[in-house]
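Trainee: coordinates only, no sequence provided:
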């Protein structure tokens, strides 16, 4: 029988086999990296629970002593922040394990979540002479997790306050969600496609 000779530019079975092997190796490397990342996230989440418990216990013990109104307010902020971090760690663990999100026992309206989150940035805004306000143009229906929605709102408010030099920052409830408005310089047009990439900053 006559041996078949591939034409110039034609892909051979050997080349297809090598391509398949390369794809398999790349997919294997991807799964290994994803597994390492999930394990790291889970380990960090577990490790952080111990110091957080110490902070929470210490703050609770402080409440047993006579405190001024200012001191009591600061201790309450510590406890509230500790609880928020505990809940975030639970979310991270769920992500690492690939679990479906459990329905949060704590839910709130969009406006209340925005209002509570904005309190975290009042002092920074005042220090820069920025007018930080919370508004409601319409009621957004439903109740939401203060941890999940609050994390998104907090990140947007943080960027708005940090990168707005003069003017105002507005957190506004809408009929279908919320929006953050500021008088900052904005994101340059040439950066808008890259700004959502990890570790990329506009300035």
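Mentor: Nice, thanks for sending it over. These numbers come from a predicted model, not from an experiment. Residues are numbered from 1 along each chain as shown.

Trainee: C-alpha from now on. contacts and neighbour counts both.
Mentor: OK.

Trainee: state the helix or strand in which residue 133 lies.
Mentor: strand 131-136 (DSSP states H and E).

Trainee: show me what that strand is packed up against.
Mentor: helix 110-118, helix 122-127, strand 168-174 (3 or more C-alpha pairs under 8 Å, 6 or more residues apart in numbering; DSSP states H and E).

Trainee: which among the ones you listed is found nearest to residue 71?
Mentor: helix 122-127 (16.9 Å; C-alpha to C-alpha).

Trainee: from the contact counts, what lies against that closest one?
Mentor: With 3+ C-alpha pairs under 8 Å, 6+ apart as the test, helix 122-127 has strand 131-136 packed against it.

Trainee: other residues contacting the strand it packs on?
Mentor: 111, 114-115, 118, 122, 125, 167-174 (C-alpha atoms under 8 Å, 6 or more residues apart in numbering).

Trainee: ok, now stretch 74-86?
Mentor: With C-alpha under 8 Å, 6+ apart as the test, stretch 74-86 has contacts from 49, 52, 55-56, 59-60, 62-63, 147.

Trainee: now do the buried residues in the next helix or strand after the strand holding residue 133.
Mentor: Next helix or strand after strand 131-136 toward the C-terminus (DSSP H and E): helix 146-163. Within helix 146-163, the residues that count as buried by 16 or more other C-alpha atoms under 10 Å are 146-147, 149-151, 153-154, 157-158, 160-161.

Trainee: lowest-confidence entry in those residues?
Mentor: pLDDT is lowest at residue 147 among the buried residues of helix 146-163; the value there is 79.

Trainee: pretty sure that one is touching residue 88, no?
Mentor: Yes: between residue 147 and residue 88 there is a contact at 6.8 Å, judged by C-alpha atoms under 8 Å.
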